[in-house]
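> Need coordinates for the following:
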Amino acid sequence: MKRTRKKRQHKKKHQKTSKKRKKRELVVGMISVPLTPGKKYYQVCGDSYIASSHITWLKRFGVKILPIPYTTKNYKKYMSKINGLYFPSGGAFAGTQTEYYKCCKKFLQLAMKENDKGNHFPIWGGCMGMQQLMIIADGHDDLEKLLQRFDSFNNLLSTLDFTDEGLRSRMMRNATKAELKKLSTKNCTLNNHKMGLTPTKFKQHKNIDKFYKIVSTSVDRKGRDYFSTIECRFYPFYGVQWHPERSSAMDYFAKFFVNELKKNRTKNKKHTRKVYTKEIDCFNYSNRLYKRCRFYWHKRTSRHNRKLCSAAQLLKNDKEKNKGKKLPKGKKFTGGV
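Prediction:
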């Protein structure tokens with residue numbers, strides 16, 4: 001009898017410790033990108049989208065994605081559910097999408113407050129996402145004239161020329177010599193942007209220069225320098241003009257950001273507002289930039305186009321192959337993609 005009691009007590013203790021050791025769930029809020037007017041799926045496939053490469057990049061490291069509609073006004077509710085923010089790339093420029101820019105700005109301001117309170121709250125900006133970080137830091141909401149044009153579209157492969165500050169940065173200080181050598185000598189960073197800033201203009205805009213340090217620069221097809229990686233001096237905010245999420249060889253940067261998310265103390269709440277979502281082929285929509293995208297419906301007026309989105313997807317494929325098949329059903333999103 002004594003042995004069985006001891007076994008039971010030991011079992012209960014083991015169950016308690018196993019519950020304590022349960023892996024913590026990390027959630028990143030990813031702001032959806034407005035659909036670009038004039039494109040094939042505009043007002044056909046929902047209200048916004050996120051390229052699937054951003055989602056799968058972090059999911060491989062156990063991070064759950066909470067898509068945040070750029071039209072939301074529930075900023076604080078979303079902040080209470082996430083450990084960090086991610087501004088993804090996309091085809092909509094801030095100059096034509098002020099609502100999207102305002103959403104990014106509001107969330108960044110709340111992230112600053114969280115950090116000021118002592119709660120480590122990181123932000124990652126990719127390509128267009130990094131451009132939002134620049135415009136916000138400049139402080140003039142100049143959506144039209146701040147950014148410059150570059151010839152870095154259509155999968156330009158380039159190197160990263162690290163600055164002295166960049167080599168000492170939080171982002172790069174744990175990189176191995178082999179990793180740094182590869183990034184700085186081999187054309188291994190994928191670029192798909194038309195807009196950016198030269199290092200000269202970066203320095204001229206004092207607010208940007210005070211807030212961010214240039215980690216690396218790169219060169220476009222015409223030999224013009226642009227800054228390709230940045231890091232905030234005061235907050236855990238990071239930006240890349242290129243696309244590490246498009247290559248598993250760039251997992252160093254994903255691991256870095258995941259470690260930043262782990263420093264956040266927010267305990268995530270499970271309940272989230274349902275958003276209708278569907279993942280489809282978006283190769284043509286994105287000018288051959290992305291293979292797959294997640295489209296989101298979050299406006300009342302967009303309910304009518306759910307079936308049209310499916311039809312558009314099916315018509316793009318071989319008609320004979322899909323003949324007689326039912327339209328793919330969308331999924332209700334409840335907190336993790």
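> C127: what's it in contact with?
88-90, 192-193, 240-243 (C-beta atoms under 8 Å, 6 or more residues apart in numbering). Yep, even glycine has a C-beta here, placed from its N, CA and C like the rest.
> right, and out of those, which lies closest to G139?
Q241 (20.5 Å; C-beta to C-beta).
> Point me to the helix or strand that includes the nearest residue to the closest one once chain neighbours are set aside.
Once flanking residues are discounted, Q241 sits nearest to S228: 4.6 Å by C-beta to C-beta, 6 or more residues apart in numbering. Using DSSP states H and E, S228 sits in strand 225-232.
> thinking again about what came up before, against N74, how distant is the residue nearest to Q241?
S228 is 34 Å from N74, where distance means C-beta to C-beta, to the nearest Å.
> Give me the more crowded residue out of the two.
Taking other C-beta atoms under 10 Å, S228 and N74 do not tie; S228 has more neighbours (27 against 11).
> Just confirm that one contacts H193, I think it does.
No. Counting by C-beta atoms under 8 Å, S228 stays clear of H193, with 9.6 Å between them.
> Give the burial count for T176, as a bare number.
Counted with other C-beta under 10 Å, T176 comes out at 9.
> ditto for L180
16.
> Give the helix, strand or coil label for it.
helix (DSSP: H, G, I helix; E, B strand; the rest coil).
> show me what contacts it?
Contacts of L180 by C-beta under 8 Å, 6+ apart are 162, 167, 172.
> By neighbour count, which of these wins?
M172 (23 neighbours).
> Contact partners for it?
By C-beta under 8 Å, 6+ apart, the contact set of M172 is 162, 166, 180, 215.
> Quick check: pLDDT value at it.
Looking at M172, its pLDDT stands at 97.
> The one 5 residues further on now?
Reported pLDDT at K177 in the predicted model: 95.
> Run through the bridge partners of T217.
Beta-bridge pairing of T217 under DSSP bridges involves D161, F227.
> count of residues packed around it?
21.
> likewise I68?
Residues near I68, counting by other C-beta under 10 Å: 28.
> So it is in contact with V27, correct?
No. I68 is beyond contact range of V27, at 11.1 Å (criterion: C-beta under 8 Å).
> residue boundaries of the helices in the stretch 51-200 of the chain?
Per DSSP state H, counting those that start in this stretch, the stretch 51-200 of the chain carries helices over the ranges 52-59, 75-79, 98-116, 128-138, 164-167, 177-185, 199-204.
> who touches the fourth one?
What it means is helix 128-138. 33, 86-90, 92-94, 101, 104-105, 108, 123, 125, 141-143, 146-147, 193, 195-197, 205, 207-208, 211-212, 230, 237, 239-241.
> Okay, and the beta partners of F295?
So, taking DSSP bridges as the rule, F295 has Y49, K278 as bridge partners.
> For it, give its distance to V63.
21 Å.
> How about L108?
In terms of C-beta to C-beta, L108 sits 20 Å off from V63.
> next one: T71
24 Å.
> who has more neighbours, those two?
V63 (23 against 15).
> The more buried one against V27, yeah?
Yes. Applying C-beta under 8 Å as the test, V63 and V27 come out as touching, 7.2 Å apart.
> List the residues that contact T98.
T98 neighbours (C-beta under 8 Å, 6+ apart): L143.
> For E260, see how far away it is.
29 Å.
> low pLDDT regions in this protein?
1-22, 37-44, 91-96, 269-274, 284-288, 300-337 (pLDDT under 70).
> if we go to 50?
Within the chain, the ranges that satisfy pLDDT under 50 run 17-19, 94-95, 314, 317-337.
> mind listing what the top strand by length along it pairs with, with the direction of each?
Longest strand of the chain, by residue count under DSSP state E: strand 148-158. Looking at strand 148-158 with DSSP bridges, its partner strands are strand 189-196 (antiparallel).
> buried set for the strand it pairs with?
Buried positions in strand 189-196, judged by neighbour count with 16 or more other C-beta atoms under 10 Å: 189-193, 195-196.
> what's the answer for stretch 255-270, then?
Here stretch 255-270 shows 256-258, 260-261, 264, 266, 268 as buried, counting by 16+ other C-beta under 10 Å.
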